[in-house]
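*Asks:* Have a look; sequence and predicted model below, questions after that.
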Amino acid sequence: MTDITKETNFLDRMIDSHGPMQTGYDRVTELRRKAADDITGRDLPTTRHEEWKYCSLKKLSRESFIPAAEIAQPDLPDNIADYIYPEAEHHHLTFINGVYSEKWSKTDKLPQGVIVANLADVLDEGNPVALEHIGQYARWEDDPFVPLNTSVFRDGAFIHVPASVKIEDPIQLLFINTDEKEQYFMTPRCLVVGERSSEITVVEDHVGFGDNVYFNAPVSEIKLAENSHMTHVKLQRDSRKAYHISRLAADISRDSNYKSYAVQLGSQLSRSDVKAVLTDENTHATLDGLVMVNGDQLSDTHSIMDHTMPNCTSHQLHKCIIDDEGTSVFNGKIFVRQDAQKTDAFQENRNLQLSDSGTAYAKPQLEIFADDVSCSHGATIGQLDPDQVFYLKTRGLHESQTREILTYGFALDVIESIPVASIQERLSKEVEKFTKASNSIKQLV
Amino acid sequence: MSDTQTIESMVKQPYKYGFKTNVEYDYFPKGLNEDIVNMISDIKEEPDFLREFRLKAYRNWKTMKDPLWANINYPKINYDDIQFYSSPKKKPQLDSLDEVDPEILETYEKLGIPLSEQKMLAGVAVDAVFDSVSVATTFKEKLAEAGVIFCSLSEAVQKYPDLIKEYMGSVVPYNDNFFAAMNSAVFSDGSFCYVPKGVVSPMELSTYFRINNEESGQFERTLIVAEEDSFVSYLEGCTAPMFSKNQLHAAVVELVALDNAQIKYSTVQNWYSGNEKGVGGIFNFVTKRGLCKGDHSKISWTQVETGSAITWKYPSVIMKGDNSTGEFYSVAVTNDKMEADTGTKMIHLGKNTNSTIISKGIAAGESQNSYRGLVKIGPNAKNSRNYSVCDSMLIGDRCGAHTFPYLEAKNNSSSVEHEATTSKIGEDQIFYLQQRGLDEENAVSLIINGFCKEVFKELPMEFAVEAIKLLGIKLEGSVG
């Protein structure tokens, strides 16, 4: 195995392992070919690359993976249904190791005209909307992971909401990764198109069942037409030994509102790049995030908020909790282009360091080319407030209890802004698990 | 709009200090190779350790590449076309200012630095550097009484080789970066200041730099050492004549503060920034770094950057001693096609170390103004604190303001706070002041002074006055 890694680089190995390129409609074939050409022979970025300064892919590049679809019979637990949020009971798509599972998916009770389906099927059928939008928005300079996904992706989600249709309950996309002996690799792809005046909530949930090594490289693309609203929640709960490198791009038109909440809990290495392009006037975007790392986890979030037109607003709140030897990285870029007068952009990054050996890196970044704007960012790295700790102790709590409760409180304001009740509940449990706060809360009650 | 017109007329003030003196030079071949480095060393009759230092630096430089990561664009510099050393023709040792070339003196007069008068009036010792070599040093006796050594670096190399050997390159090593390595190989002269134990320097020290002699780069090197319990405040001010060909300036400044020592380093930089179309102007690549070597030591940088076509400058503090403090106060103004990428690095290594960063950027015309700062808290820097504020102001819709802060913290008892804002001068602010009877220009000037106040108050009195004037000149008529 090591001989192979010496001969060919990681990206080539990943593409080659999928065999001959999938063909389909010209547009898709062309897209795949171009993507593969883009990265053939290229190496993974190193820490000398500014965007990867604090996130080393050395370990990943030495790993070998087989395409997830080749795993004969994934070891399925019987409680998959438990992972479906009650709100999404009637409309959810489930993917097991990146492969669409019809058995566990359901798309009832959707308003007429709404499509929620497996992307591979939709593309094979030649759905004009999917063919028009696929590959249009996820573009990063000098990035190998979108092309990697594009060249080999197969299954994924396609959601199309026709004009003026509002779906109140969330649509869940559940990505389950089973515990297997073999190291596998998957490239889920999501495409969401919201037509004029539509409204939708999508929950993207990546769950790892085991403690195994796999590589998850999802790409999501979102296109919102005029006056549409979308709330996007992404939970990353991959296995603690997994690699998760994701890309999310949203293209937002006039009068639209896009809200994204990304929560990173799992993976030994998770890297999440999110990008919102405000392409017309009077749009709003929110890119919130919550990251919790402990053990030797590394979580890296890079966001781009791109204001291209006047009178738009954006808001970002990104919180990181670092325990043990964990490392969190945040790079938040706000671009305000020359035409984007009257922009109001705000970004806040807070890092809570609980252990002496954890590391926090923050790089908020403003790049502004228009003068009549109000832009600001704030970043802090700190600990629990000693006054608050003292107060709780005077009320009779132990050191560890105060720590747990205050950490819980730190995370809570991101969680509470997520508009799906059962996700809030689920996340609260995850945070409790992380901070072991549950014990002390029980004792209080 | 009248606002815009006023702003523009302010911005478009021609460079006031553009003239060139004709002085004879020891001409040197262009380009850089080991022979050139040896020649410089020969001319300056340097001891072997320094020659070695230069050669090592040169060999390292050969293997390095221009740093291209900064947010600045400039044509590739042809290092073979630069004359790496020039100095006014050698003359016998001078005893008084009268012996100085009258033409040089006249240059200073035009700049408003009458050396002879300053001696009496200002109470400031001036070590005037004219194209790399010290021409005259005043107030030496008074400083000598206090035990402070303040002289040109060449003189220090001859008189105090041990001090130079100990400290030169100890903060900015010869292989630190491309421009520092180049400077280490070819530095021509500069200032040296040594404040002995327990001494508070009786006056503010200052050096005026001038760039003259077209096609010659200027490679200054400054070294300041403050022994235990001492204090020194150093001022540096620069203006340069107008030339159409780009000039390269790559200086190195090293500061060392031992236990309880304090160094305050202030700069006002107003080199020629090129014309409106971006032709000409100085390329300013400076490496400035201070080392808080001892416990309870403090290093403070204050800078007002209003000139140069390209500014690449990050005055840094390494807080090695426990309880040491680093400060950085900066106002950077860019106009026309100027580009500035400036900021600081605060490296916390010792326990209970404190740093403050206040940076104010003003961009006008078609300029690009970037703040780039690093705050790094090491695993052993327990209970350390950093506070940073970076505010930018944009004047006009064709300029850009950028903020690149890097925050890195590796322990859980320290705190780092950073905030940045970008805005423009509000019409309502101007309106308010106008209705209180101020004309538009004064209103704008008042608002800008308010914006920069936190930094100006850190400057020594006479510099603060100069800086406020400078800002007025730079932005006159451009704000609204």
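*Replies:* Thanks, I have it. All figures in this text were calculated on a predicted structure; none of them were measured in a lab. Residues are numbered from 1 along each chain as shown, chains lettered A, B, ... in the order given.

*Asks:* make it CA atoms for all contacts and neighbour counts henceforth
*Replies:* Will do.

*Asks:* Which elements pack onto the helix ranked longest in chain A?
*Replies:* Identified as the longest helix of chain A according to DSSP state H is helix A:399-415. The helices and strands touching helix A:399-415, judged by 3 or more CA pairs under 8 Å, 6 or more residues apart in numbering or on different chains; DSSP states H and E, are strand A:284-293, strand A:313-322, helix A:386-394, helix A:421-435, helix A:437-444.

*Asks:* Dump the ones you listed to TSV, plus mean neighbour count and mean pLDDT.
*Replies:* Formatted as TSV, the helices and strands packed on helix A:399-415 follow (neighbours: other CA atoms under 10 Å in any protein chain shown; pLDDT from 0 to 100):
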stretch	mean neighbour count	mean pLDDT
strand A:284-293	24	95
strand A:313-322	23	95
helix A:386-394	13	93
helix A:421-435	17	87
helix A:437-444	14	48
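
*Asks:* can you redo those as a markdown table with distance to chain B?
*Replies:* Listed next are the helices and strands packed on helix A:399-415 as a markdown table, based on distance: least, CA to the nearest CA, whole Å:
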| stretch | distance to chain B |
| --- | --- |
| strand A:284-293 | 14 |
| strand A:313-322 | 9 |
| helix A:386-394 | 11 |
| helix A:421-435 | 16 |
| helix A:437-444 | 20 |
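
*Asks:* so which of these gets nearest B:Ile468?
*Replies:* Each of those has some distance to B:Ile468 by CA to CA; the shortest is strand A:313-322, at 35.4 Å.

*Asks:* so the closest one versus strand A:284-293, what angle?
*Replies:* Relative orientation of strand A:313-322 and strand A:284-293, computed by axes from the mean of the first three to the mean of the last three CA atoms, to 10 degrees: 0 degrees.

*Asks:* what pairs with strand A:313-322, and is each one parallel or antiparallel?
*Replies:* strand A:284-293 (parallel), strand A:344-353 (parallel) (DSSP bridges).

*Asks:* Next, the buried residues of stretch B:279-294.
*Replies:* B:280-294 (16 or more other CA atoms under 10 Å in any protein chain shown).

*Asks:* let me fix that: stretch A:101-120
*Replies:* A:Ser105, A:Lys106, A:Thr107, A:Leu110, A:Val114, A:Ile115, A:Val116, A:Ala117, A:Asn118, A:Leu119, A:Ala120.

*Asks:* For chain B, tell me which of the residues you listed show up nearby.
*Replies:* Residues shared between these and the neighbourhood of chain B: none [CA under 8 Å from any CA of the partner chain].

*Asks:* What is the helix or strand containing B:Glu454 packed up against?
*Replies:* B:Glu454 belongs to helix B:440-456 when elements are defined using DSSP states H and E. Using 3+ CA pairs under 8 Å, 6+ apart, the elements in contact with helix B:440-456 are helix B:2-11, strand B:325-334, strand B:354-364, helix B:427-435, helix B:461-475.

*Asks:* Give me the buried positions along that helix.
*Replies:* For helix B:440-456, by 16+ other CA under 10 Å, it's B:440-449, B:451-452, B:454-456.

*Asks:* before we move on, back to that, output the longest helix of chain A as CSV, nothing but the C-alphas.
*Replies:* What follows is helix A:399-415, C-alpha atoms only, in CSV (Å, rounded to 0.1, in the frame of the first residue of the first chain):
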residue,chain,number,x,y,z
GLU,A,399,-15.4,23.9,40.3
SER,A,400,-16.2,21.2,37.7
GLN,A,401,-19.9,22.0,37.9
THR,A,402,-19.5,25.7,37.4
ARG,A,403,-17.2,25.0,34.5
GLU,A,404,-19.8,22.8,32.9
ILE,A,405,-22.7,25.1,33.4
LEU,A,406,-20.9,28.2,32.1
THR,A,407,-19.6,26.3,29.0
TYR,A,408,-23.1,25.2,28.3
GLY,A,409,-24.3,28.8,28.6
PHE,A,410,-21.5,29.9,26.2
ALA,A,411,-22.8,27.5,23.5
LEU,A,412,-26.4,28.1,24.1
ASP,A,413,-26.9,31.3,22.2
VAL,A,414,-25.9,29.7,18.9
ILE,A,415,-28.1,26.7,19.6
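
*Asks:* what's that helix in contact with?
*Replies:* Contact with helix A:399-415 is made by A:288-290, A:317, A:319, A:321, A:384, A:388-389, A:392-393, A:424, A:427-428, A:431-432, A:435-437, A:440-441, as judged by CA atoms under 8 Å, 6 or more residues apart in numbering or on different chains.

*Asks:* so how far is B:Lys197 from B:Ala257?
*Replies:* To B:Lys197, B:Ala257 is 11 Å away according to CA to CA, to the nearest Å.

*Asks:* distance of the residue located most distally from the centre of chain A from A:Gln388?
*Replies:* No residue in chain A sits farther from the centre than A:Thr394, which is 40.5 Å out by CA atoms, centre = their mean. Going from A:Thr394 to A:Gln388 by CA to CA gives 10 Å.
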